[in-house]
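Student: any chance you could fold what I've pasted below:
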Amino acid sequence: MMAKTEKFEDLKCWQSARELVKMVYEVCEKDKLSKDFETRGQIKRAALSVMNNIAEGFGRNGNKEFIRFLDISQSSAIEAKSMSYVLTDIKYLPEEKIAAIQMKAEETKSITLGLIRYLRTRT
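Tutor: Numbering: from 1, shown residues only. Now for the predicted structure:
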């Protein structure tokens, strides 16, 4: 049995999402991406959505609502990963930076889906 989590900051998926946001924000200040406001804004919004939907869902009443927000969060992780391919295709960033974002987005999505599966067994 899992101990009750008292705050969203303790959730592994939120911690991973926070790392994703940091990575995205750091690359958005570099090279050509720093001057492309639309693309930069889109990937930042996607990454922020991953983290913030976990927190918002945590604050809702009941697992059903929480699961809904977690599902939005994992979808946003996929969006951030998809946006990273744009950065690859237009050669905005070094490939190792893009690969790191893709791996973190995938990791965050997987952890979030694991929490969704766990919560579904509890409802």
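Student: drop to CA atoms for contacts and neighbour counts, all remaining ones
Tutor: Will do.
Student: what segments of this protein are helices?
Tutor: In the chain, the helices defined using DSSP state H lie at 12-28, 37-58, 63-89, 95-121.
Student: so who does residue 54 touch?
Tutor: By CA atoms under 8 Å, 6 or more residues apart in numbering, the contact list for residue 54 reads 8, 13, 14, 66, 69, 70, 73.
Student: so which of those is surrounded by the most neighbours?
Tutor: Comparing the contacts of residue 54 by number of neighbours (other CA atoms under 10 Å), residue 73 comes first, having 30 neighbours.
Student: can you get me a residue count around the residue nearest to it when sequence neighbours are not counted?
Tutor: Leaving aside its sequence neighbours, residue 73 sits nearest to residue 50 (CA to CA, 6 or more residues apart in numbering; 4.2 Å). By the criterion of other CA under 10 Å, residue 50 has 33 neighbours.
Student: distance of the closest residue to residue 39 other than its chain neighbours from residue 91?
Tutor: What sits nearest to residue 39 in space, not counting adjacent residues and going by CA to CA, 6+ apart, is residue 33, at 7.4 Å. Per CA to CA, to the nearest Å, residue 33 is found 10 Å from residue 91.
Student: center of this structure - which residue?
Tutor: The residue lying closest to the centre of the chain (CA atoms, centre = their mean) is residue 50, at 3.4 Å.
Student: circling back: correct me, but the residue nearest to residue 39 touches residue 40?
Tutor: Yes - with contact defined as CA atoms under 8 Å, residue 33 counts as touching residue 40 (6.2 Å).
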